[in-house]
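*Asks:* what's the 3D shape of this:
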Amino acid sequence: MSTKLFRQFIVFCLYLTFSITCYSQALPHQAKAMSQGNITCSSSTCHGSVTPWNNTNVLQNEYTTWKTYDKHSQAYKVLFNKQSQQIAKNLGLGQPAHESALCLNCHSHNPDPQLRAERFSHTDGVGCEGCHGPAEKWISSHTVKGVSHADNVANGLYPTTNPAALAKLCNSCHVGDESRFVTHRIMGAGHPRMSIEINTFTKIEPPHYKVDSDYLARKGAEQPVKLWAVGQATTAKSLVDLLADAKRNHDGIFPELVAFDCHACHHPMSNKRWTPRNGMPPGVIRLNDSSLLMLSAIVKVIDPMSLSQYNRLYEQLNRATFQKSTKLESTEDLQETAKKFAKYIEQLIVKLQTSSYDEAKIRDIFLALVQGQQYYDYASAEQAYMALTSVANIVVTNGSSSIRPNIKASIEQLRKELSNEDKFQYQNFNKEYGKLVQILQLNNGVK
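*Replies:* Prediction:
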């Protein structure tokens, strides 16, 4: 092996080790360190400046941006509105939403009581430490000259710049995990439907940082498509982890219905809209497999050697859900299938995390998303739309400027088709989606 290849191999190994370490790091609400509260970050000389500073490594107005524009800052206040009060009442929580751990777990940073410092407050909402981790061990050192980002992560700073770690964090609330989980009962009590696409949601927060030379030196370049791909895999794993978990995959005699497509059941009886899909017969509940559909396109490009394995596990998972729901047998087969799928996706996340996403691969992912694909349910159409805004925008950057207004208009029409999920018509969405596909393909010389 040449010296150059050896160095590249060493760099790859170090990055892989760092990625795995980041992914396995405890989530902020589970970390064994004291949470100090937003007040430790929000002074005007720290991150609470009204305007960005000049000649500094960071903007210094991160807290102000979060407080002014980021909906996470309002997450706790939401618990006082009438809808939240009614949800708590419907669930019989016995205490108001703003005092219930069930609600606080995601609507605020909610560490164990013994790990809350004197100035910690739930009123901060999903504040600084809710995403960046308890500050006890890194608050003093993170401003010291010469301290690296890796040093801060070692001291407990949560690695939000690592795609797998960020996806794990966001999914823990927006999809759910074994520590906090929005069940079908919670949604039945009035909670909104949950969904996420990490790259899109990150962009609309909005970001409270700037990718400049200092950022690149400390944390490396942002890769939106990698974040999108890793996010889809993480969301898919959240689904199969739920199905594999005997404590969460059932609610009485029913399966945990939050894992299934909401609109497969919640639509007017006069709307006869069943279509063949995944070999499933009519009249059975269908998984919310929107992330799995996106992941299929990703696997085709990033890990084509495992595509047959992916398709086989995908088919087995779907078959296990409707076979067990019709035969009323043990869920053991479903759980075992889900465990195998979860293991596959876990290994896939490592590959997605360490893969490069050059222009050719991004274009191939885009083509896998659009060629010969139809989206029949709202959740899948929603993810397809966000995928287009995440992937296609990059594909068309170097394309012809003359048709960009057409692209923008078509994407805006797709957004309108998704504006009311109760009135969603997949025929209209797919018709407009087909128009956009043609525009994008011509823009990129694809026929």
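
*Asks:* ok, and what's touching stretch 124-144?
*Replies:* With CB atoms under 8 Å, 6 or more residues apart in numbering as the contact definition, stretch 124-144 has outside contacts at 28-29, 31, 33-38, 40-42, 47, 63, 66, 72-77, 106-109, 111, 115, 117, 147, 151-152, 155-158, 160, 169, 173. From N, CA and C alone the C-beta is placed, and that goes for glycine too.

*Asks:* Give the buried residues for stretch 284-304.
*Replies:* 285-303 (16 or more other CB atoms under 10 Å).

*Asks:* mind saving the C-alpha coords of it as CSV?
*Replies:* Output of stretch 284-304 as CSV, limited to C-alpha atoms (Å, rounded to 0.1, in the frame of the first residue of the first chain):
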residue,chain,number,x,y,z
VAL,A,284,-55.2,-4.4,5.9
ILE,A,285,-53.4,-1.6,7.7
ARG,A,286,-50.3,-0.5,5.9
LEU,A,287,-47.0,0.6,7.5
ASN,A,288,-46.0,4.2,7.3
ASP,A,289,-43.1,3.2,5.2
SER,A,290,-42.3,6.7,3.7
SER,A,291,-38.8,6.6,5.0
LEU,A,292,-38.3,3.1,3.7
LEU,A,293,-39.3,4.3,0.2
MET,A,294,-36.7,7.1,0.3
LEU,A,295,-34.1,4.7,1.7
SER,A,296,-34.7,2.3,-1.3
ALA,A,297,-33.5,5.1,-3.7
ILE,A,298,-30.5,5.7,-1.4
VAL,A,299,-29.5,2.1,-1.2
LYS,A,300,-29.6,1.7,-5.0
VAL,A,301,-26.9,4.3,-5.3
ILE,A,302,-24.8,4.1,-2.2
ASP,A,303,-24.9,0.4,-1.5
PRO,A,304,-26.2,-1.4,-4.6
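
*Asks:* Would you mind checking the average pLDDT for that stretch?
*Replies:* Stretch 284-304 shows a mean pLDDT of 92.

*Asks:* need the contact list for the closest residue in space to Thr183 that isn't next to it in sequence.
*Replies:* Setting aside the residues directly before and after it, Thr183 is nearest to Val258 in space (CB to CB, 6 or more residues apart in numbering), at 5.6 Å. Contact analysis of Val258 by CB under 8 Å, 6+ apart lists 176, 182-184, 187, 194, 242.

*Asks:* Next, give me the two most distant ones among the residues you listed.
*Replies:* Met187 and Leu242 (14.1 Å; CB to CB).

*Asks:* Which one's more surrounded, those two?
*Replies:* Counted by other CB atoms under 10 Å, Met187 and Leu242 do not tie: Leu242 has more neighbours, with 22 against 16.

*Asks:* give me the element that one is part of.
*Replies:* If you go by DSSP states H and E, Leu242 is part of helix 224-244.

*Asks:* quick one on the thing from earlier: what's the ChimeraX line that selects buried ones from the contacts of stretch 124-144?
*Replies:* Only the buried entries of the contacts of stretch 124-144 go into this ChimeraX selection, using 16+ other CB under 10 Å:
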select :28,29,31,33,34,35,36,37,38,40,41,42,47,63,66,72,73,75,76,106,107,108,109,111,115,117,152,155,156,157,158,160,169,173
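
*Asks:* which ones among the contacts of stretch 124-144 are found in helices?
*Replies:* When the contacts of stretch 124-144 are checked against helices (DSSP state H), the matches are 63, 66, 106-107, 151-152, 169.

*Asks:* In TSV: the residues you listed, plus pLDDT and distance to Ser356.
*Replies:* Output for the ones in helices among the contacts of stretch 124-144, formatted as TSV (pLDDT from 0 to 100; distance: CB to CB, whole Å):
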residue	pLDDT	distance to Ser356
Tyr63	96	35
Trp66	96	32
Cys106	97	34
His107	97	38
Asp151	93	27
Asn152	94	26
Leu169	96	24
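
*Asks:* Check those residues against Pro206 and report the nearest one.
*Replies:* Set against Pro206, the nearest of these by CB to CB is Trp66 (9.4 Å).

*Asks:* surely that closest one meets Pro206?
*Replies:* No: in this structure, Trp66 is not within contact of Pro206 by CB atoms under 8 Å, at 9.4 Å.

*Asks:* re the thing from before, out of the ones in helices among the contacts of stretch 124-144, which two sit at the greatest distance?
*Replies:* Pairwise distances across the ones in helices among the contacts of stretch 124-144 (CB to CB) peak at 31.7 Å, for the pair His107 and Asp151.

*Asks:* residue contacts, Ser291?
*Replies:* Contacts of Ser291 (CB under 8 Å, 6+ apart): 232-233, 235-236, 239, 383.

*Asks:* filter those to the buried ones?
*Replies:* By neighbour count, with 16+ other CB under 10 Å, those hold 232-233, 235-236, 239, 383 as buried.

*Asks:* Okay, now the unreliable bits of the stretch 151-300 of the chain?
*Replies:* The model of the stretch 151-300 of the chain has pLDDT under 70 over residues 273, 278.

*Asks:* ok, for Gln83, nearest residue in space, not its chain neighbours?
*Replies:* Distances taken as CB to CB, 6+ apart put Gly190 closest to Gln83, at 5.9 Å, once the chain neighbours are dropped.

*Asks:* Could you look up the SS state of the one you found?
*Replies:* Secondary structure, DSSP: H, G, I helix; E, B strand; the rest coil: Gly190 is coil.

*Asks:* just to revisit the earlier point, want to try CSV for the contacts of Val258, with distance to Gln374 and secondary structure as columns?
*Replies:* Formatted as CSV, the contacts of Val258 follow (distance: CB to CB, whole Å; DSSP: H, G, I helix; E, B strand; the rest coil):
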residue, distance to Gln374, secondary structure
Gly176, 28, helix
Val182, 29, coil
Thr183, 30, coil
His184, 27, helix
Met187, 27, helix
Met194, 24, coil
Leu242, 26, helix
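
*Asks:* For His122, state which of these is nearest.
*Replies:* For the contacts of Val258, the minimum distance to His122 (CB to CB) is 18.7 Å, reached by Val182.
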